[in-house]
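Colleague: Could you look at this predicted model? Sequence included:
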Amino acid sequence: MFRPISDELRQATSHDGSPSVRAVGFTFDGRRMTARAGDTVAAALLVNGVAACRETPVSAARRGPYCLMGVCFDCLVVIDGVGNRQACLTPLREGMAVETQHGARDIGALERDE
Amino acid sequence: MSASEYNMTEPDSIVVGGGIVGASIAFGLARSGERVVLLDEGDVAFRASRGNFALVWVQSKGLALPPYAAWTQQSAREWHDLARILSDETGVDVAHSQPGGFTLCLSQKEVDARLDKLTRFHNRPDAPHFPYEILDHDEVKKRLPDIGDEVVGAVYSPLDGHANPLLLMRALHSYLGVKGGEYRPGHAVDAIAVEGDGFRLKGAWGELRAAKLILAAGLGNARLAPMVGLEAPVKPSRGQLIVTEKTSPFLCNPLVTIRQTNEGGVLIGDSKEEAGFENITGTGVLSIMAERAFRMFPKLRHLNVVRTWSALRVMSADGFPIYDQTHSGPPAFVTSCHSGITLAGVHAMTLAPTLSRSARLPEILAPFTPKRFHVPAH
Amino acid sequence: MKRIEDIGDLAVGYDLVIVGAGPAGLAAAAQASELGLATLIADENPAPGGQIYRAITTTPVKRHDVLGEAYWQGLGLAEALEASNCDYAPQTTVWSAELGRDETGKIAEPRSFTVGVSRAGKARLVQARRLILATGALERPFPVPGWTLPGVMTAGAAQIALKSSGLVPQGRTVLAGSGPLLLLLADQLKRAGADIVAVLDTTPSGNFKAALPLLPDFLRSPYAAYGLKLFARTRFSLPIRRNVLELRISGEECVERIAFTQSGRPVTIDCDQVLLHQGVIPNINMSNALGCGQHWDMSMHAWTPTVDEWFASSVPGIAIAGDGAGIAGAPSAAIRGRIAAIAAASAVGLLDATTRVRLAGPLQAEAARLSRGRSFIDTLYRPPGNVLRPADPATIICRCEEVCAGQIRDVVRQLHVQGPNQLKAYLRTGMGPCQGRMCGPTVIELIAEQRGVPVSDVGHYRLRTPVKPITLEEIASMPQSEAAKNAVMR
């Protein structure tokens, strides 16, 4: 799990002195969360204390973001009903519904998508 | 692997070609009590066995050549025993099932073409009849609820099935070890000499002698068969495949172009191009395959493709298998076909035991001699 | 620069398509458009920089000393891209490239590539006369028991979180492994406020002795001053433990502790986060899938695309610039990107041979200077056998298909497996969505070990497109020729 570094280290104020960090609201498995505008979904989960975001299709083992650069495919999540999205390559957007990816991608979920 | 890794110095028989065809025959020979060595190429080779679609398919096989239809049907029957023995002896479940297969058609023209072929086949007095149904959209929908509106109809046969080709390969190779045979990859064969009452095979790895030889080297048969006075005029035919990410189970029946594997991925095939020895993929063909797949099952539209590949089928001029044998000197056989998975049952359970018992091909294979290509030019 | 927000805004064709907007790609793009090449640079991330200069234009961490001056050097490259007139497509995946062919299937001359590009769920093809792959590096997989537990990440991942989102690990954090980044990151994270409870150094003590003859060369290198300063600063400020062996991470749902031996004595440390690192290796997935030749690089101990002095690969028209063609660091990657761009401009006829040599000469000298000291680093941080070939049979090697070291060793032995492609067929290693990026380097080590041959004899996965997953719908949106229809509908 991760936390933001201090404002002092970040120099996180804009020229007029107001905080430059805009918060974006989203849900993870129905829970309301916020993160910084500009974060990826993976970063948003990590800063909200979510370490595991999927269960593997092979053994249902819990996994979480590992490489954060798009090569390991361990941060797969369901975003707005679409399964197996790489959280580390997806920018967070207001109102996103992020869910744990349970095992293999649900073909039923694809139907809702049509 | 060093030479000392292997013990057998003069096996009863050598099978050249470690793909599904060669391994199925080696299985049958080993099961008949022979001491078998199975020679294979290295890590990178033309391997139809790793790239195939893995149907155990009856409904469209041999419609123009009834003995091929009969051979195929027999194989589908014998597959059950093959799968059971492999599971018992090696612990590998090759995921074989025979739930019946569909050929989905996206136009009436496609339905009519299939119906025409099937009718003509079943009207032949020598045809080994098999059960099939022509289904309209509604009937298909009852059996496969996920089909799209564009599916006009289907051909269904309860004899069609599928298996996991990679697990099959692992099981067959493992079985050989269980029965005291030896699977030797990295053993490409450069030369074969007829020597007294046997054969001497040579390669960069050394040499090996046996009294009986079976060539099952796929496209390599074209080069190897003439070394023992046989012929195997085969050429590559490229097939491209797509596999998707794993999904929840939605399709237990094999379709001629779509099947869900036991691991959950969806395989989409099967194109056919004459493209020489280049086993590359091309977006044009993949595009049509992908589009047809989700017109058949709209649910597939947004599924991720994780890999595409192509493999080279082993194709004779008329598309049917080639089986041939020597008529003098020590016994050598050649087997070339593009349906190694479908025919694994009969290769393992009938062909190999017959070769072991009588050192002759089964009578039913007489029509598959390569002499059929010796038609004088008009 | 024109920012491509919609795939439809791409041109039909470009002189040059660059894959990756790290230092090599950015420098190549700026150089190429300066020389008059119509250039597209496509990149998966939302902002330029690659991994080393990740989020250089968007990072919330504005105080320069947190990420360091070496990081902020990347800003110049991003500004050069901004000032150029090339097309920049962020959040865009290049998933294939095929050589154009005529009706008979022969490669058409002059050569051009049909490049598969995807953005926001939409795919299309663009034509490119030349390609520069600037796909960079990835961290060498470091499989230890428990490395798949949530809470275990790569050290690089933690650095990405810091650069792109201003985040540091929360709770007790352990870094483990070897390589120059390990110390650098531990220092960076500590100064950013992370609670670093241990830095477990797995570098074998013998490595330093082996590297010693190369030290003078390193001391003359541009990295020496920085490296020595870092070494001196962290020697007492960080809880470093050396000669660590037999790492084992465990916990119920997430990481709870890490166990290891040090000088033969077992130690356990409770922790909330483990960051693993074992150096970086070229990311060869795209070059391999496009058929570019590769060789085993003894110094890096990794498969590496084979390139000439212009960074041209074995496939005419495809160059590979930056760490994707051999690890030499960001400043070198930028230089190599520029050289590759000059070669591309020359190949399409915009530069004569004399001008090409005149422009590239000083850059080639600079690239040589920047590669100084590299062999010292490679030798010092060469991973030992116990790292490359995990002894514990239960260690997961293929994270996607969950295949363990013991299974791999057994099957290799029993079935005399020659190489990774055969193993893939038996055990599904490398068949998951990561396409072998996480398991390939270890799989070939284990095969080599069991066969008793050098790892260079074992080969590598034959990789295929799409290099990254795209949907069936995207593939279906590609043009369909009559010949292709005949190949499918029979």
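Modeller: Thanks, I have it.
Colleague: Spatially central, which residue of chain B would that be?
Modeller: Nearest to the geometric centre of chain B sits B:Gly340, at 1.5 Å (C-alpha atoms, centre = their mean).
Colleague: Oops, could you answer that again for chain A instead?
Modeller: Note: chain A centre (C-alpha atoms, centre = their mean) maps to A:Val41, 2.6 Å.
Colleague: surely it meets A:Thr90?
Modeller: Yes. Using C-beta atoms under 8 Å, A:Val41 is in contact with A:Thr90, at 4.7 Å. To be clear about C-beta, it is placed using only N, CA and C from the backbone, and glycine gets the same treatment.
Colleague: so what sits against both of these two?
Modeller: Jointly contacting A:Val41 and A:Thr90 under the rule C-beta atoms under 8 Å, 6 or more residues apart in numbering or on different chains are A:Ile79.
Colleague: give the contact list for the residue in chain C that chain B sits nearest to.
Modeller: Here chain C gets closest to chain B at one residue, C:Gly419, 2.6 Å apart by C-beta to the nearest C-beta. The contact partners of C:Gly419, taken as C-beta under 8 Å, 6+ apart, are B:Gly42, B:Asp43, B:Val44, C:Ile444, C:Ile447, C:Val458, C:Gly459.
Colleague: can you give me the strands in chain A?
Modeller: A:2-4, A:23-28, A:31-36, A:54-55, A:62-63, A:76-79, A:82-86, A:97-102 (DSSP state E).
Colleague: dump the residue contacts of C:Leu370.
Modeller: Residues in contact with C:Leu370 (C-beta under 8 Å, 6+ apart) are C:Ser221, C:Pro222, C:Ala328, C:Gly329, C:Pro331, C:Ser332, C:Ile335.
Colleague: Sort out which residues of stretch C:226-233 are buried, please.
Modeller: C:Gly227, C:Leu230 (16 or more other C-beta atoms under 10 Å in any protein chain shown).
Colleague: Touching, the residue nearest to the centre of chain B and B:Gly51? I think so.
Modeller: No. The pair B:Gly340 / B:Gly51 is not scored as a contact, 11.1 Å apart, by C-beta under 8 Å.
Colleague: Find the residue closest to the residue in the stretch 201-350 of chain B that chain A sits nearest to in space, skipping its chain neighbours.
Modeller: When distances are taken as C-beta to the nearest C-beta, the stretch 201-350 of chain B reaches nearest to chain A at B:Lys246, 3.9 Å away. Computed as C-beta to C-beta, 6 or more residues apart in numbering or on different chains, the closest residue to B:Lys246 that is not its neighbour in sequence is B:Gly264, at 3.3 Å.
Colleague: So what's the predicted local confidence for that neighbour?
Modeller: Note for B:Gly264: predicted pLDDT of 94.
Colleague: now do C:Gln480
Modeller: Looking at C:Gln480, its pLDDT stands at 84.
Colleague: Next up, the contacts around it.
Modeller: Shown in contact with C:Gln480 (C-beta under 8 Å, 6+ apart): B:Gly284, B:Ser287, B:Ile288, B:Glu291.
Colleague: What is the burial count for the second one?
Modeller: Okay, so that is B:Ser287. Around B:Ser287 there are 24 other residues, counting by other C-beta atoms under 10 Å in any protein chain shown.
Colleague: anything in the one helix or strand C:Ala128 maps to near chain A?
Modeller: Per DSSP states H and E, C:Ala128 falls inside strand C:122-133. No. Against chain A, strand C:122-133 shows no contacts by C-beta under 8 Å from any C-beta of the partner chain, the least distance being 14.1 Å.
Colleague: Pairing partners for that strand, with directions?
Modeller: Applying DSSP bridges, strand C:122-133 is found paired with strand C:13-19 (parallel), strand C:113-119 (antiparallel), strand C:318-320 (parallel).
Colleague: Of those strands, flag the one that's most buried.
Modeller: Each of the strands paired with strand C:122-133 was scored by mean neighbour count; the highest is strand C:318-320, a mean of 30, by mean count of other C-beta atoms under 10 Å in any protein chain shown.
Colleague: Can you name the next helix or strand after that one?
Modeller: Counting by DSSP H and E, the next helix or strand C-terminal to strand C:318-320 is helix C:330-347.
Colleague: buried stuff in the next helix or strand after that next one?
Modeller: As assigned by DSSP H and E, the chain's next helix or strand after helix C:330-347 is helix C:353-370. Neighbour-count burial for helix C:353-370, counted by 16+ other C-beta under 10 Å, picks out C:Arg356, C:Leu359, C:Ala360, C:Leu363, C:Gln364, C:Glu366, C:Ala367, C:Leu370.
Colleague: How many residues are close by B:Asp81?
Modeller: Residues lying near B:Asp81 (other C-beta under 10 Å) number 12.
Colleague: sec struct for it, please.
Modeller: helix (DSSP: H, G, I helix; E, B strand; the rest coil).
Colleague: How about it: what's its closest non-neighbour residue?
Modeller: Excluding its sequence neighbours, the residue lying closest to B:Asp81 (C-beta to C-beta, 6+ apart) is B:Met349, at 5.9 Å.
Colleague: wouldn't B:Ile364 be in contact with B:Tyr68 here?
Modeller: No. Using C-beta under 8 Å, B:Ile364 is not in contact with B:Tyr68, being 9.9 Å away.
Colleague: what sits up against stretch C:443-453?
Modeller: With contacts defined as C-beta under 8 Å, 6+ apart, stretch C:443-453 is touched by B:1-2, C:388-389, C:397-398, C:405, C:408-409, C:412-413, C:416-420, C:423, C:429-430, C:436, C:454-455, C:457-460.
Colleague: Of these, grab the buried ones for PyMOL.
Modeller: To isolate the buried members of those in PyMOL, using 16+ other C-beta under 10 Å:
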select buried, (chain B and resi 1) or (chain C and resi 388+389+397+398+405+408+409+412+416+417+418+419+420+423+429+430+436+455+458+459+460)
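Colleague: out of the contacts of stretch C:443-453, which are inside strands?
Modeller: Among those, DSSP E puts C:Ile397, C:Cys398 in strands.
Colleague: residues contacting the residue of the stretch 201-350 of chain B closest to chain A?
Modeller: A:Pro57, A:Ala104, A:Arg105, B:Glu263, B:Gly264, B:Gly265.
Colleague: sec struct for C:Ser287, please.
Modeller: C:Ser287 ends up helix, using three-state DSSP.
Colleague: I'd like to know how many residues surround it.
Modeller: A count of nearby residues for C:Ser287, using other C-beta under 10 Å, gives 30.
Colleague: what's the answer for B:Asp136, then?
Modeller: Neighbour number of B:Asp136 under other C-beta under 10 Å is 12.
Colleague: got it, and the one 4 residues further on?
Modeller: The criterion is other C-beta under 10 Å. On that basis, B:Val140 has 21 neighbouring residues.
Colleague: Which residue, other than its chain neighbours, is closest to it?
Modeller: B:Ala154 (4.6 Å).
Colleague: per-residue confidence for C:Met489?
Modeller: You'll see C:Met489 listed with a pLDDT of 69.
Colleague: Spell out which parts of the stretch 251-378 of chain B neighbour chain A.
Modeller: Contact residues, the stretch 251-378 of chain B versus chain A (C-beta under 8 Å from any C-beta): B:Gly264, B:Pro298, B:Lys299, B:Leu300, B:Arg301, B:His302, B:Leu303, B:Asn304.
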